[in-house]
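Trainee: Fold the following, please.
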Amino acid sequence: MDDCWHAPTRDPSTGAPLADPAKFPNGIKHLADSVHALGLKLGIYSDAGAMTCGRRYGSLGYEEIDAKTYASWDIDYLSQYDNCYNQGESGTPQISFNRYNTMSKALNATGRPILYSMCNWGDDGPWNWASTIANSWRISGDIIDQFAGYDDRCPCEDALDCKLPGYHCSAATIIDYAAPLGQKAYVGGWNDLDMLEVGNGGMTYDEYVAHFSMWALLKSPLILGHDLGAMTNETYSIITNSAIIGINQDRYHTPAIRRWRRALAGQEATYSKAAGTPSIQLWSGPVSDGSTVVAILNTGEEGQKVDLLMKDVFKDKRTAQLGRYRAYDLWQKVPLSQSRAGATGEGAHFTPKQQQLQRYMSKGYREELDGEPMVWGKDVGLYETMLPNVRVKAHSVRVFQLYSEPGAPKTGSNVKTNIGTHCDEL
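Mentor: Okay, here's the model as predicted:
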């Protein structure tokens, strides 16, 4: 539940928060019981300020009674614990830490496991201190359902030196903000790039695929922000891509790291390092089964071709010279007998068997899925030195998973095209 679930005032005798009786005539506990009966969990919004952003009463000074009330309602998730009307209790990491730690202690004191999601918009660098008190922390101003483009309401060029986080931040801008922060994500403590916009209608299919993929690779919580009752098949086909979810939920936990960010072809003269500047980017990261996930992201308005060099992919450059790599495209469709879905109409339709695979994701990407090739993506060939001519459409991403095949014979370091009968252009 987002903002504005509140009754006009707190309980006058106890100070406890009350739900709006018109919106919740049976109360929040009844709602929680109904949600839990569906096998789901319930989250609730509040604010570490005198008022919420919607000008309802906040939790500042009421942390203990609010936490106890949430626990009595069987709440599972304190979502987007916000930063509006904070009474000036910000400006240094210590001040912000103390304010948000008060709620952390109150939640822990209830004895109920409640996921704690901080939303101070990246103020005072929460990635440096929030991991000891929260499960996730927002790194930027609020996202808007737009893939790219500058907006004065999201003015910062760099998340590490941002005085006014704002809102109306595009997905591409937030990705740039997140680039240096992968080293600050931990088991149980994650950089939160904000809720997913997939399905809200403001982006194209390719843009939503890029948005969902990058959130997954960066290990941001994957929290849907659209009307589930109005979900299209196309949206469903994106958010249930088992291969991408598997990367996000992989037990290795390490976010992908940006290896380079470059000007688009022909736009070198106007290129800027500011967040949101159109660019072509390479990201890669390890997966617990020994493979490597790779993303080539194009935030520009024209398609690009990239030679994906193995020496750029791997942190240890010598690794790229050890052999060949079997590449799987995690968004390409494969034959129906192996695929995640058979695409018809506006999107994909999933069999019960395919839906059942989702439950495996928390156990590791491949450990429970060795006999389920439908979640591996499409095998696009065996490569050495590089994947040549990777075509990346405007505002889109290509995501590959690379598996080393050390037993494959090498034919020399000058091999520059894929091995086998696949097309030279990917």
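
Trainee: who touches Gly202 in this structure?
Mentor: Ile144, Asp145, Gln146 (Cβ atoms under 8 Å, 6 or more residues apart in numbering). C-beta: built from backbone N, CA, C; applies to glycine.

Trainee: Tell me the one of those residues nearest Ser34?
Mentor: Checking those against Ser34 by Cβ to Cβ gives Asp145 as the nearest, at 28.8 Å.

Trainee: and Leu264, what are its phi and psi?
Mentor: Reported as degrees, to the nearest 10, the phi and psi values for Leu264 are phi -70, psi 150.

Trainee: what's the answer for Phe212, then?
Mentor: The phi and psi values for Phe212, taken as degrees, to the nearest 10, are phi -60, psi -40.

Trainee: Just give the nearest non-adjacent residue to Ile244, would you?
Mentor: Spatial nearest neighbour of Ile244, excluding adjacent residues (Cβ to Cβ, 6 or more residues apart in numbering): Ala216 at 4.8 Å.

Trainee: which other residues reach stretch 302-311?
Mentor: The contact list for stretch 302-311 (Cβ under 8 Å, 6+ apart) reads 264-265, 280, 282, 294, 296, 298, 317, 320-321, 325, 383-394, 400, 416, 425.

Trainee: Got a quick ChimeraX command for the buried subset of those?
Mentor: Command for ChimeraX, covering only those of the contacts of stretch 302-311 found buried under the criterion 16 or more other Cβ atoms under 10 Å:
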select :264,280,282,294,296,298,320,325,383,384,385,386,387,388,389,390,392,394,400
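
Trainee: among the contacts of stretch 302-311, which are in helices?
Mentor: Among the contacts of stretch 302-311, none falls in helices (DSSP state H).

Trainee: wait, isn't Leu181 in contact with Trp190?
Mentor: No. Look at Leu181 against Trp190 with Cβ atoms under 8 Å: they stay out of range, at 10.1 Å.

Trainee: For the two, indicate the residue with more neighbours.
Mentor: Taking other Cβ atoms under 10 Å, Leu181 and Trp190 do not tie; Trp190 has more neighbours (24 against 19).

Trainee: beta partners of that one?
Mentor: Beta bridges link Trp190 to Ser136 when assigned by DSSP bridges.

Trainee: Now do the same contact list for it.
Mentor: Residues near Trp190 by Cβ under 8 Å, 6+ apart: Asn135, Ser136, Trp137, Lys219, Ser220, Pro221.

Trainee: That one and Ser136, how far apart?
Mentor: Distance of Trp190 to Ser136, computed by Cβ to Cβ, to the nearest Å: 5 Å.

Trainee: What are the structural domain limits within the protein?
Mentor: Domains of the chain are assigned by automatic domain parsing as 27-248, 257-405.

Trainee: Please name whichever of those domains is nearest to Leu18.
Mentor: Proximity to Leu18 (Cβ to Cβ) singles out domain 27-248 among the domains of the chain, at 8.8 Å.

Trainee: Over that closest one, what's the mean pLDDT, rounded is fine.
Mentor: Per-residue pLDDT values across domain 27-248 average out to 97.

Trainee: and it, how far out from the chain's middle?
Mentor: Taking Cα atoms, centre = their mean, to the nearest Å, the mean C-alpha location of domain 27-248 is offset from the chain mean by 10 Å.

Trainee: Flag every buried residue along stretch 55-63.
Mentor: For stretch 55-63, the neighbour count (16+ other Cβ under 10 Å) marks Arg56, Tyr57, Gly58, Ser59, Leu60, Tyr62, Glu63 as buried.

Trainee: now, among these, which is nearest to Asn200?
Mentor: When those are ranked by distance to Asn200 (Cβ to Cβ), Arg56 comes first, at 23.8 Å.

Trainee: In contact with the closest one, which residues?
Mentor: Arg56 sits next to Asp3, Cys4, His6 when contact means Cβ under 8 Å, 6+ apart.

Trainee: Mind putting these into TSV with distance to Tyr85 and neighbour count?
Mentor: Formatted as TSV, these follow (distance: Cβ to Cβ, whole Å; neighbours: other Cβ atoms under 10 Å):
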residue	distance to Tyr85	neighbour count
Asp3	12	16
Cys4	15	13
His6	14	20
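
Trainee: between the residues you listed, which is nearest Tyr45?
Mentor: In terms of Cβ to Cβ, no member of those lies closer to Tyr45 than Asp3, at 5.1 Å.

Trainee: Over to the closest one. Which of the three states is it?
Mentor: Secondary structure assignment for Asp3 (DSSP: H, G, I helix; E, B strand; the rest coil): coil.
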